[in-house]
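prediction below, plus the sequence it came from.
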Amino acid sequence: MRVTTTVNGERRQVEDVWEGESLLYVLRERMGLPGSKNACEQGECGSCTVYLDSVPVCACLVAAGQAEGREIRTVEGLGIDDELNPVQEAFVEAGAVQCGFCTPGLVVAADDLLDRVPQPSDADIREALAGNLCRCTGYEQILTAVRLAATRRAKVVP
Amino acid sequence: MTAPIQPDTGVSGRRAAAGGVGDNVTRPDGTLKVTGEFAYSSDLWADDMLWGTTLRSPHPHTLITRLDVGPALAVPGVHAVLTYDDVPAQKVYGLERADQPVLCDGTARYQGEPIAIVAADHPETARRAASRIVVEYDVLDPLTDPRQAIDPATTQQVHPTGNVVRHLVIRKGDTSVSADVVVTGDYEVGMQDQAFLGPESGLAVPADDGGVDLYVATQWLHVDRDQVAACLGLPSDKVRITLAGVGGAFGAREDLSMQIHACMLALHTGKPVKMVYSREESFFGHVHRHPALLHYEHGASREGRLLYVTAEIILDGGAYMSSTPAVVGNAATLGVGPYDVPNVSMDCWGVYTNNPPCGAMRGFGAVQAAFGYESQMDRLAAELGLDPVEFRLLNAMSEASVMPTGQVIDFPAPVAEVLKRVSSAPMPPERPDGPEPDLRDLPGGVSNTTHGEGVVRGVGYAVGIKNVCYSEGFDDYSTARVRVEVAAGRPVASVHTAAAEVGQGVVTLLVQVVRTELGIDEVTILPADTQVGSAGSTSASRQSYMTGGAVRAACQAVRARLPDVSALREGDVVEETVEWRHRATTPLDERGQGNAHVQYAFAAHRAVVDVDVELGLVKVVELATAQDVGKVMNPTGVLGQIYGGSAQGLGLALMEEVQVSNGAIRNPSFTDYLIPTILDMPPMQVDVLEMADPHAPYGLRGVGEPPTISSTPAIVAAVRAATGRALTRIPIRPEHITGMGETLG
């Protein structure tokens, strides 16, 4: 089948998609956007989190056909004018990235949290990121990064 | 952070560039990782590429009586189906001994053993084709009890060489001495999975010269290369391996997974072949942490001095050897913990069974032993009427202590210091006792299982010991090539090593070393590959020590030729390659005596937990830890290792177990194998000590493993304190806390 979507602001059309393919597979293998990660492919780890019409979803649980005509934003489209967005910047600085495999999903989830709750408490952060597994960091520096990003966004966005 | 002793950095009098050793340098790959541009092994792609998949044995022990690949080959889009007969040269591989068939040799010895591999133009085509391979099995009884495996009366053998992989005996002093207080205990450690997030994966590309280029996520490129080359029947220079992005390792990438298979398919089809395991397959595709049965007897004087320890430890290595002999070495030599014990009798076995193969995981034998000896230390303290920290302090080893192996400690061993630090750290506030508690602070969380009723707080302590680098006489080295030249009018350095960056940050640290040693700001780390000499494995907490040491030595060699970097002119190149070794270790003799280890590292934890004693649910409220790292090379990196290692220890204490029933894995998914989430991890207090090891580069100690060792027993001790239960098995299950398991058997 043919699937037409808007990905990171750009209209994309792919052919010969098998009906069983997930949005994650199509992004990674057919659109050349491997940033969203394939750690469990059953919605447990959050590594493939992308925005689907502004709602964060696990791309592995979305059938490619369900994305027809919709807007998708992946980790590759999070930056602003080729600059890192505040969440990405804070993840690098705070040591929230080690192996980095969970990072694409976490930065999307954290970006979504800060859109909804600009000044989250630690409990808010923990609840929002509970669907994103990280095996390297023990999460402490991820918390630091999200706090830092919240502070910086507050300075940028009055 | 605190630094009681300032280590000798060895660079006095030279201008250090900013961002050198000790500075908070950010990762050079950080930006790529947060933008999704970093190329992991599962992200690779080549024109005209095929996808490989693996058919695995559903039975833990079976003969294969018929194997017909015809129906799979008939599927449109399939390019190859290969079996045992197609393995070009050596049919077996392995880290310490080649005992594992590349593809099943007619007998599958564990559930998940690869039988056939398929290459097709779409991963789903490959999977469907694999399911059409006709296999007929003659299922055999699996040997699954490791106690049975060491019993000489057992006739069932996993391999003709017998079931005992290694039996290590350590005898120190005289354990027939009598003691005022004797405590015996039996403990069990379940099978933990490394659960890295990036699945086993890679891309094999056939080359015009008949060789193959493999891009793969691994921990040790050269040992992969040697095993792949032997099985393919190629000279080692025809197997070129480049490290692809690694999504975590923790020991699970020490053994081969898809490396030989992808290369076989690529060479057979003449096309690039990519293989990516699913999460389910990953549970069958790599070794796990050895489950352990531990029996300890500790004797102490009325005053609280340890007099003797006798111990028997059985480590279940599963169907193939992997690194079981070395795991046995660690469990045995570190088996009494960081304590002065004058008389020790230790017997440690590693055995073959038909359970899933086990090998390296962070902590590597030291984790299992620590659960045993720290449980014993708490019980002894209780028998003696002593505070558990006070009792440990009475027996803490220190510099000049003598290990059970006879090795004399000739570097700082601040065991007492790390214990004192965690025991004097401020306690977290008491749980608020209001009518409207925040459910998120309680065991069970927003499941709303309690509002505080039945919740009891407990505090526990533990300390652990880990060796750093390879041991027992192994020729352990790393190779570094450092090149200095002028680009755009400025001196620049490039570093080529084969050290596997698996997330820990060695690429950052090597930049820092070069800046400190050469005073050059611009440092490029070249991709790790087999075009330079071996760096050894990214394991045993050794890369900072070994490849950090090698790069430092290469910089010193450059400096010997080029004392003043500013004298370098456009077109000049100074390049030095150094193979660097740590001081030699020795094998253990028949009584387990010898200077087996290079360095020891120490960490202590205090755990504060809230336990719902009625439902058996645990909330870890806080972890405090103190660790000696010798020298803080990169503060953020050190802390990251300590947080992450502690989290894996928490997982082993409370939730993580590969559940194996009659040889079969029951929970091969992240739905059923639980790793800590951000809700499970508590806030942590970390106290980092810098007691320089005079034998190590910059005085550093390996950082990665110690936090995983002491966090587990500290958490279990805290749950015991809250519940009064013996809790002799990890991970703790709710029924162990409620006592339901006792009544149900």
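Everything's here; your move.

ok, now which ones touch the residue nearest the centre of chain B?
To find the centre residue of chain B, average its C-alpha atoms and take the closest one (C-alpha atoms, centre = their mean): that gives B:R362, at 2.3 Å. Neighbouring residues of B:R362 by C-beta atoms under 8 Å, 6 or more residues apart in numbering or on different chains: B:194, B:250-251, B:645, B:648, B:704-705, B:708. (Each C-beta comes from the backbone N, C-alpha and C, glycine too.)

next one: B:H298
With contacts defined as C-beta under 8 Å, 6+ apart, B:H298 is in contact with B:182-184, B:306, B:308-309, B:376-377, B:380.

now a ChimeraX select for only the buried ones of those residues.
A single ChimeraX command is used to select the members of these judged buried by 16 or more other C-beta atoms under 10 Å in any protein chain shown:
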select /B:183,306,308,309,376,377,380
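
which parts of the stretch 151-300 of chain B are strands?
B:164-172, B:181-189, B:201-206, B:212-216, B:239-243, B:273-276, B:288-289, B:292-300 (DSSP state E, counting those that start in this stretch).

closest one to B:L32 among those?
Shortest distance between B:L32 and these, using C-beta to C-beta, is found for strand B:239-243: 14.4 Å.

next, format the strands of the stretch 151-300 of chain B as JSON lines and append distance to B:V463 and mean pLDDT.
What follows is these, written out as JSON lines (distance: least, C-beta to C-beta, whole Å; pLDDT from 0 to 100):
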{"stretch": "strand B:164-172", "distance to B:V463": "20", "mean pLDDT": "98"}
{"stretch": "strand B:181-189", "distance to B:V463": "17", "mean pLDDT": "98"}
{"stretch": "strand B:201-206", "distance to B:V463": "38", "mean pLDDT": "98"}
{"stretch": "strand B:212-216", "distance to B:V463": "38", "mean pLDDT": "98"}
{"stretch": "strand B:239-243", "distance to B:V463": "35", "mean pLDDT": "98"}
{"stretch": "strand B:273-276", "distance to B:V463": "41", "mean pLDDT": "98"}
{"stretch": "strand B:288-289", "distance to B:V463": "20", "mean pLDDT": "98"}
{"stretch": "strand B:292-300", "distance to B:V463": "15", "mean pLDDT": "98"}
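
closest to B:V81 out of the ones you listed?
Evaluated with C-beta to C-beta, these place strand B:273-276 nearest to B:V81, the distance being 12.8 Å.

parallel or antiparallel, which strands does that closest one pair with?
Here strand B:273-276 is paired, per DSSP bridges, with strand B:50-56 (parallel), strand B:201-206 (antiparallel).

how about CSV for those strands, with mean neighbour count added?
Rendered in CSV, the data for the strands paired with strand B:273-276 read as follows (neighbours: other C-beta atoms under 10 Å in any protein chain shown):
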stretch, mean neighbour count
strand B:50-56, 25
strand B:201-206, 25
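
is it possible to export these to JSON lines including distance to B:A72?
JSON lines is the format used below for these (distance: least, C-beta to C-beta, whole Å):
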{"stretch": "strand B:50-56", "distance to B:A72": "8"}
{"stretch": "strand B:201-206", "distance to B:A72": "20"}
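
sorry, back to before: return the member of the contacts of B:H298 nearest to chain A.
Nearest to chain A among the contacts of B:H298: B:M377, at 25.2 Å, using C-beta to the nearest C-beta.

what about the helices in the stretch 51-200 of chain B?
Counting by DSSP state H, counting those that start in this stretch, the stretch 51-200 of chain B has these helices, from start to end: B:70-73, B:123-131, B:146-150.

now those as TSV including mean neighbour count?
Output for those, formatted as TSV (neighbours: other C-beta under 10 Å):
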stretch	mean neighbour count
helix B:70-73	15
helix B:123-131	20
helix B:146-150	19
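
distance of B:A119 relative to chain A?
Taken as C-beta to the nearest C-beta, to the nearest Å, the spacing of B:A119 relative to chain A amounts to 16 Å.

quick check on B:V574: phi, psi?
phi -120, psi 120 (degrees, to the nearest 10).

that one and B:I520: what is the separation?
When distances are taken as C-beta to C-beta, to the nearest Å, B:V574 and B:I520 turn out to be 11 Å apart.

between these two, which contacts overlap?
Counting by C-beta under 8 Å, 6+ apart, the contacts common to B:V574 and B:I520 are B:V484.

measure the residue nearest to B:P206 when sequence neighbours are not counted to A:L78 for me?
Using C-beta to C-beta, 6 or more residues apart in numbering or on different chains and skipping the chain neighbours, the partner closest in space to B:P206 is B:A266 (4.7 Å). For B:A266, the distance to A:L78 equals 35 Å [C-beta to C-beta].

and these two? Which one has more around it.
For B:A266 versus A:L78, the count of surrounding residues by other C-beta atoms under 10 Å in any protein chain shown is larger for B:A266: 28 against 22.

is that one in contact with B:P272, as I believe?
Yes: when contacts are counted by C-beta atoms under 8 Å, B:A266 is listed as touching B:P272 (6.2 Å).

need the overlap of contacts for the two.
Common contact partners of B:A266 and B:P272 (C-beta under 8 Å, 6+ apart): B:204-206.

pretty sure B:Q556 contacts B:E517?
Yes: taking C-beta under 8 Å as the definition, B:Q556 is a contact partner of B:E517 at 6.7 Å.

compare the two (neighbour count), which wins?
B:E517 (25 against 15).

and that one, what element?
With elements delineated by DSSP states H and E, B:E517 resides in helix B:506-518, which encompasses its position.

isn't B:A601 right up against B:G704?
No: taking contacts as C-beta under 8 Å, B:A601 lies outside contact range of B:G704: 9.2 Å.

what sits in contact with each of the two?
B:S541.

re earlier: is the helix holding B:E517 in proximity to chain A?
No: for a cut-off given as C-beta under 8 Å from any C-beta of the partner chain, helix B:506-518 has no contacts with chain A; the smallest distance is 10.1 Å.

which secondary structure elements does that helix contact?
Secondary structure elements in contact with helix B:506-518, counted by 3 or more C-beta pairs under 8 Å, 6 or more residues apart in numbering or on different chains; DSSP states H and E, are strand B:477-487, strand B:490-496, strand B:522-525, helix B:543-561.

the last one near chain A at all?
What that stands for is helix B:543-561. No: using C-beta under 8 Å from any C-beta, helix B:543-561 stays clear of chain A, coming no nearer than 13.6 Å.

list the buried residues in that helix.
Under the neighbour-count rule (16+ other C-beta under 10 Å), helix B:543-561 has B:543-555, B:557-559 buried.

tell me the residue of chain A that sits nearest chain B?
Distances between chain A and chain B by C-beta to the nearest C-beta are smallest at A:G35, namely 2.0 Å.

that residue: what's its closest spatial neighbour, skipping adjacent residues?
B:G36 (2.0 Å).

all helices for the stretch 601-745 of chain B, in order.
Counting by DSSP H, counting those that start in this stretch, residue ranges of the helices within the stretch 601-745 of chain B are B:635-654, B:706-723, B:734-738, B:740-744.

which of these sits closest to A:Q119?
The closest of the helices of the stretch 601-745 of chain B to A:Q119 is helix B:635-654. By C-beta to C-beta, the value is 23.9 Å.
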